[in-house]
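Student: Please work out how this folds:
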Amino acid sequence: MQTLQTTSLRVADNQLFILDQQALPQEKRWLDASTVEALVGHIHALRVRGAPLIGLSASLLLALLAENGKSQDELAAALETLRASRPTAVNLMNNLDRMKIALWQEEYVPALVAEALRLIDEDKRLCDAIAKAGSALVKPGSRLLTHCNTGGLATAGVGTALGVIARAHQEGNVSNVWVDETRPLLQGGRLTAWELGELGVPYQLITDSMAASLMAQGQVDAVWVGADRIVANGDVANKIGTYSLAVLAKYHGIPFYVAAPQTTLDRHCPNGEAIPIEQRAPAEVTGVAGSFGAVQWAPENAQVYNPAFDVTPASLISGWVLDTGVVTPEEVANGKFA
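Tutor: Reported below is the predicted structural model:
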């Protein structure tokens with residue numbers, strides 16, 4: 001396969017490397033991900049994260065394994081193992097469905113390579129289209145609030161919600177971005193703050209619990225988030241804490257926008273209640289770990305509840321910003337996603 005580079009993925013010498021997103025921002029560390037076991041381990045540990053990026057990394061790995069001589073049966077088994085690595089993010093399933101079609105073609109090796117590269121190029125175009133559609137909704141002087149990380153680290157392109165914010169800033173319409181730290185793994189504090197700094201976008205980092213106070217003070221003009229899955233009735237699964245922001249925004253009369261590519265749509269899932277929600281390790285809540293070290297602050301025997309995602313009902317969403325344009329609540333109520 002040709003040499004390839006995105007913010008978080010690299011293909012060189014027929015090997016796949018990922019940027020370790022648990023090491024950022026203290027360290028920029030590239031790790032080998034050239035086996036199914038290695039990539040699944042990176043996905044479970046969130047060294048690879050972001051719904052689009054997970055799907056793209058799995059697709060690239062399958063193509064590379066094919067080029068390295070794996071049989072169709074071996075690749076089929078690898079595909080199913082990768083599919084099971086992250087149950088909530090539907091981009092992974094959608095991408096692998098396309099790779100599966102390529103896998104059973106007679107000339108399956110070039111078909112898999114072509115499909116994986118096509119998915120990368122598509123993601124870049126999807127991100128650009130989302131940014132263009134979404135930035136039109138950002139008014140001059142806007143103070144925006146975002147959650148988790150939805151930029152180039154999570155995609156092959158400029159990102160989803162963060163791509164919108166970056167473009168709106170380039171157009172001179174963003175005065176400040178409030179960045180939720182995003183407990184328990186601090187993707188906002190570690191990754192979004194780093195990306196915005198690299199882009200020169202003015203931001204202020206806050207703890208998750210500060211959002212309500214800022215909204216009450218009139219310091220937030222809109223909330224922008226990404227999505228791991230959008231289902232038929234418009235409900236959205238995203239990083240834990242998204243739902244509470246949507247409730248707060250509704251109470252304070254603040255627009256709440258979801259930015260995502262079409263690959264995040266799951267028309268076969270009827271509503272949010274049917275979305276599987278991944279439960280993660282207690283250690284993520286009882287302390288914190290990263291390239292800076294590890295600290296535990298909770299009692300050793302503390303019982304923990306740690307869902308990775310929550311579901312925001314469609315009734316709390318002001319608009320779904322896709323690569324095809326902005327979808328309104330009225331359109332969703334009339335079956336746009338069904």
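Student: Can you dump the C-alpha atoms of the helix or strand encompassing Val247 in PDB for me?
Tutor: In the assignment (DSSP states H and E), Val247 maps to helix 242-251. Extracted in PDB, the C-alpha atoms of helix 242-251 (Å, rounded to 0.1, in the frame of the first residue of the first chain):
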ATOM      1  CA  THR A 242     -23.300  14.800  26.400                       C
ATOM      2  CA  TYR A 243     -26.800  14.200  27.500                       C
ATOM      3  CA  SER A 244     -26.400  16.500  30.600                       C
ATOM      4  CA  LEU A 245     -25.100  19.300  28.300                       C
ATOM      5  CA  ALA A 246     -28.200  18.900  26.100                       C
ATOM      6  CA  VAL A 247     -30.500  19.100  29.000                       C
ATOM      7  CA  LEU A 248     -28.700  22.200  30.300                       C
ATOM      8  CA  ALA A 249     -28.700  23.800  26.800                       C
ATOM      9  CA  LYS A 250     -32.500  23.200  26.500                       C
ATOM     10  CA  TYR A 251     -33.200  24.800  29.900                       C
END
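Student: which element follows that helix toward the C-terminus?
Tutor: Next along the chain after helix 242-251, taking DSSP H and E as the criterion, comes strand 256-259.
Student: distance between that next one and the chain's centre?
Tutor: Centre-to-centre, strand 256-259 and its host chain are 13 Å apart (Cα atoms, centre = their mean, to the nearest Å).
Student: just checking, what packs against it?
Tutor: If contacts are counted by 3 or more Cβ pairs under 8 Å, 6 or more residues apart in numbering; DSSP states H and E, strand 256-259 sits against helix 108-135, helix 161-170, strand 222-225, helix 242-251, strand 319-322. All C-beta atoms are positioned from the backbone trio N, CA, C, and that covers glycine.
Student: okay, these in a markdown table with mean pLDDT, mean neighbour count and distance to Met1 next?
Tutor: Putting those into a markdown table (pLDDT from 0 to 100; neighbours: other Cβ atoms under 10 Å; distance: least, Cβ to Cβ, whole Å) gives the following:
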| stretch | mean pLDDT | mean neighbour count | distance to Met1 |
| --- | --- | --- | --- |
| helix 108-135 | 97 | 20 | 6 |
| helix 161-170 | 98 | 26 | 26 |
| strand 222-225 | 98 | 26 | 33 |
| helix 242-251 | 98 | 20 | 35 |
| strand 319-322 | 98 | 25 | 29 |
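Student: on that earlier part again, which helices and strands does the helix holding Val247 pack with?
Tutor: By 3+ Cβ pairs under 8 Å, 6+ apart, helix 242-251 packs against helix 211-216, strand 222-225, strand 256-259, strand 309-312.
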